[in-house]
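Asks: Okay, sequence plus prediction incoming.
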Amino acid sequence: MPKTTIEEILAPKPEAHPRIYAYSIADKAHAGLLKVGQTSREVKKRVAEQLKTARIRNYTIELDQSAEREDGSIFTDHEVRAALAKKGHEKDGLEWMRCTVKDVKTVLAELRSGQKFSGTHHVDFDGWQYLSRASGGDPSEVSNKRPLVFFGSFQDLLGTDGVGNIKAKNEWLHTMNWDLVVFDEYHFGAWRETAKELFEGEDEAVAKKEAKLEYAAGLAGVNEDLTVLSEKEAGFLPITTKAYLYLSGTPFKALATGEFIEEQIFNWTYTDEQRAKETFAAKHPGKRNPYAALPQMRLLTYQMPEELLAIASGGEFDEFDLNTFFEASGKGVLAEFKHKSDVQKWLDIIRGGYAPRAVEHLKTGTRPPFPYSDVRLLPYLQHSFWFLPNVAACHAMANLLAERHNVFWSDYEVVVAAGATAGIGLEALPPVRQAIRSGYDTKTITLSCGKLTTGVTVPQWSSILMLRNLSSPETYFQAQYRANESGGIRIPPL
């Protein structure tokens, strides 16, 4: 079989700021209509190219604005048109809308601010009632003639007080007869070990607080000793309901232990979504692909040079040990790697600058696409997440990257999201967002040993370097999908 090239597995990454534009055409057929689109190129050139074939010259670009929110995330022209449609503005073709420039500007402002839109929802849920702890209101007093959906934290709604009683504020939940209870992120049964592994590199006090956020102490025994589904539901879910739906992207333990029978398991995997994206495009050319936004995952692995393998090889299986290789001690600016010279060589390798490897490439006539040197990979490394063994290793890496001889890395702002000083849970996120800003004019490296590896979406992260040992598949996939929201690459060590 022919060898797959790096060009075949990496889609081009836009380098310019995405823009939302709208233009009008001065003729009777287009009266009152605006073409609403999106481009990462100069809007004038993009529109001119669109209309050149049809030889249309009587057009006016009415709007040219950024498609970015304040947090750096991107909204699409499809979202703009959908928001206009919700307000009652009619579609006329694929991208034409019967609306004014003011209407488009209003929608753009709402998309940036997160403000709720007026108008109707997706028609299947017209008339539904939505409540949560944050929205307020008493769920027991809402209309019983319209469907009710209540959103809440598993730990809050099903947790108990110090003596094992249901929290008073949640008693209403247990008196209602629900039609369906949905549990999202249903891998909590595996999180007793997983949460411990995920944060084991953190300081002990911090690790306990972080793990508690991910896996509430009062629920630690949930489904650990229960094997029959009906028995489990009766035992720990004191809620009257007709059916349960469990959702998880990492259901490994539940599947391996036979927690659900085959008829109860419904899969929609990464392979399914990528196949659906490809199939839709082939069957419906020219139509908007509803799966287009689903990112493609690329996994790149590298072989460490023999002399570096020897530094951290051994043990029962004589395997390379990441935690040993990146072993460090000290705190803050005093943190340092035990094998500092060898970690420096590794930094040189990932930017293609280590001599022994270069000689080998001359002999074989090949050169692997090193992450921080290959122009095809660099766009995916503009904002990356490095997952290290512990707090000391995170600070040691930050210190090493900042040393004067490491001139190459001075272009990157390094954020240490580890230890007590970084805060607990989402407290570690604002410094990352502040460093990244819009993401187009900055370069960042986020160093972590557990923080920000679950429940966080940073759109600009398009790569993750796995630089620590992980035994739990849940932990690995939860961490690696931090770089999946925007489509990216995962790079295990060289």
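Replies: Nice, I can see it.

Asks: Which secondary structure element of the chain has the lowest mean pLDDT?
Replies: Using mean pLDDT, DSSP states H and E, helix 229-236 stands out as the lowest-scoring helix or strand of the chain, at a mean of 43.

Asks: Sheet partners, orientation included, of the helix or strand following that one?
Replies: Per DSSP states H and E, the first helix or strand lying C-terminal to helix 229-236 is strand 240-241. Sheet pairing here is set by DSSP bridges, and for strand 240-241 it gives strand 177-178 (parallel).

Asks: Quick one: distance of the strand it pairs with to the chain centre.
Replies: 33 Å (CA atoms, centre = their mean, to the nearest Å).

Asks: Mind telling me what element the closest residue to Val458 other than its chain neighbours is part of?
Replies: Excluding its sequence neighbours, the residue lying closest to Val458 (CB to CB, 6 or more residues apart in numbering) is Val432, at 6.3 Å. Every residue, glycine included, has its C-beta placed from N, CA and C. Using DSSP H and E, Val432 maps to helix 429-436.

Asks: Run through who's touching that helix.
Replies: Helix 429-436 has contacts (CB atoms under 8 Å, 6 or more residues apart in numbering) with 71-72, 383, 413, 415, 417, 422, 442, 444, 446, 452, 456, 458, 460.

Asks: Can I get these in CSV including secondary structure?
Replies: Shown next, in CSV, are the contacts of helix 429-436 (DSSP: H, G, I helix; E, B strand; the rest coil):
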residue, secondary structure
Asp71, coil
Gly72, coil
His383, strand
Glu413, strand
Val415, strand
Ala417, strand
Ala422, helix
Thr442, coil
Thr444, strand
Thr446, strand
Leu452, coil
Val456, coil
Val458, coil
Gln460, coil
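
Asks: Show me the one in those that has more neighbours than the rest.
Replies: Thr446 (28 neighbours; other CB atoms under 10 Å).

Asks: mind checking pLDDT for that residue?
Replies: On the pLDDT scale, Thr446 is placed at 96.

Asks: can you check Glu224 too?
Replies: The model's pLDDT for Glu224 equals 38.

Asks: How far does stretch 21-38 sit from its chain's centre?
Replies: The answer for stretch 21-38 is 35 Å, by CA atoms, centre = their mean.

Asks: what's the closest of the contacts of helix 429-436 to Trp178?
Replies: Val456 (29.7 Å; CB to CB).

Asks: for Ala393, what are its contacts?
Replies: The contact partners of Ala393, by CB under 8 Å, 6+ apart, come to Gly201, Phe326, Glu327, Ala328, Ala335, Phe337, Cys449, Leu467, Arg468.

Asks: and if you look at Gln50?
Replies: Gln50 neighbours (CB under 8 Å, 6+ apart): Gly37.

Asks: That one should be in a strand, yeah?
Replies: No - under three-state DSSP, Gln50 sits outside any strand and is assigned helix.

Asks: From Lys35, how far off is it?
Replies: 8 Å (CB to CB, to the nearest Å).

Asks: re earlier: ok, so of the contacts of helix 429-436, who is nearest Ile166?
Replies: Val456 (30.4 Å).

Asks: Could you check the pLDDT of the closest one?
Replies: On the pLDDT scale, Val456 gets 74.

Asks: and what of the one 3 residues further on?
Replies: Pro459 is assigned a pLDDT of 78 by the prediction.

Asks: Tell me how many other residues surround Asp138.
Replies: 8.

Asks: Asn177 too?
Replies: Number of residues near Asn177 (other CB under 10 Å) recorded here: 8.

Asks: same deal with Pro368?
Replies: Neighbours around Pro368, by other CB under 10 Å: 16.

Asks: thinking it is in contact with Tyr302, fair?
Replies: Yes - Pro368 lies in contact with Tyr302 (CB atoms under 8 Å); the separation is 6.6 Å.

Asks: check contacts around the nearest residue to Asp27 once chain neighbours are set aside.
Replies: With sequence-adjacent residues excluded and distances taken as CB to CB, 6+ apart, Asp27 is closest to Asn58, at 6.5 Å. Contacts for Asn58 (CB under 8 Å, 6+ apart) come out as Ile25, Ala26, Asp27.

Asks: Where does pLDDT dip in the stretch 101-250 of the chain?
Replies: Scanning the stretch 101-250 of the chain for pLDDT under 70 picks out the ranges 114-121, 123-124, 136-137, 154-162, 164, 185-238.
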